[in-house]
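[1] For reference, the sequence and a predicted model appear below.
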Amino acid sequence: HVVAERDILPGEVLFIESPLVSCIMDEHVESICLVCLRYTTSPLPCPTCSDVNFCSLSCRTQALQSFHKYECRLTHVFQQTGIKDLPLLVLAFRAVSQQPVEYFVKNRDKFSVPDSKFGVEDKYSSQDYSTVFNLCTHQDRRDSADIH
């Protein structure tokens, strides 16, 4: 948690954070860039599937070099199995597919057992996979349909 050291004014921006992963609900997929989540009036389609759009060549290249090169081949599987309707599963898949397998092999010790002291002295970074791995899951509060 965070504790303020001074009074915070109404409307004051405290911090800005980029998500490690995100997904778009079906009703918005045609007008929002899959990478930066910006609305676009002239979307750029994926060259190999008709399921997603991008706002620029830069965003499309970024996606095709990481997570979308895998998702693109699996969109029909996601649709037929209902995985696309489980955002947490899509987010988990995307989090893993954004990094090469070598990253997880190299850092396997960091991702084996949660660190109860993580974040106490470390600087927080939303782009650090250790941050995601050590998040509180609240699994006991989740509906089983949300998890599986």
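    Right, received. Where do you want to start?

[2] Please make it C-alpha for all contacts and neighbour counts, starting now.
    Fine.

[3] low-scoring stretches of this protein, by residue?
    1, 145-148 (pLDDT under 70).

[4] Let's check: the centremost residue of it is which one?
    V21 (1.1 Å; C-alpha atoms, centre = their mean).

[5] ok, that residue touching V96?
    No: contact between V21 and V96 fails when scored by C-alpha atoms under 8 Å: they sit 9.6 Å apart.

[6] what is in contact with the two at once?
    By C-alpha atoms under 8 Å, 6 or more residues apart in numbering, V21 and V96 have no common neighbours.

[7] so which helix or strand takes in V3?
    Using DSSP states H and E, V3 falls within no helix or strand.

[8] Tell me how many other residues surround it.
    Look at V3: counted by other C-alpha atoms under 10 Å, it has 5 neighbours.

[9] next one: T48
    10.

[10] Check N53 too.
    23.

[11] Spit out the contact partners of it.
    Residues in contact with N53 (C-alpha under 8 Å, 6+ apart) are V29, E30, S31, I32, C33, L34, P43, L44, P45, C46.

[12] now, which of those sits nearest Q65?
    Lowest distance from Q65 to the contacts of N53 (C-alpha to C-alpha) belongs to C46, with 12.2 Å.

[13] So which residues of this protein form helices?
    For the chain, helices defined by DSSP state H occupy the ranges 57-64, 68-81, 87-97, 101-106, 129-133, 144-147.

[14] okay, those in CSV with distance to V113 and mean neighbour count next?
    CSV is the format used below for the helices of the chain (distance: least, C-alpha to C-alpha, whole Å; neighbours: other C-alpha atoms under 10 Å):
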stretch, distance to V113, mean neighbour count
helix 57-64, 30, 16
helix 68-81, 27, 15
helix 87-97, 17, 16
helix 101-106, 14, 10
helix 129-133, 9, 17
helix 144-147, 20, 10
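
[15] Fine, thanks again, bye for now.
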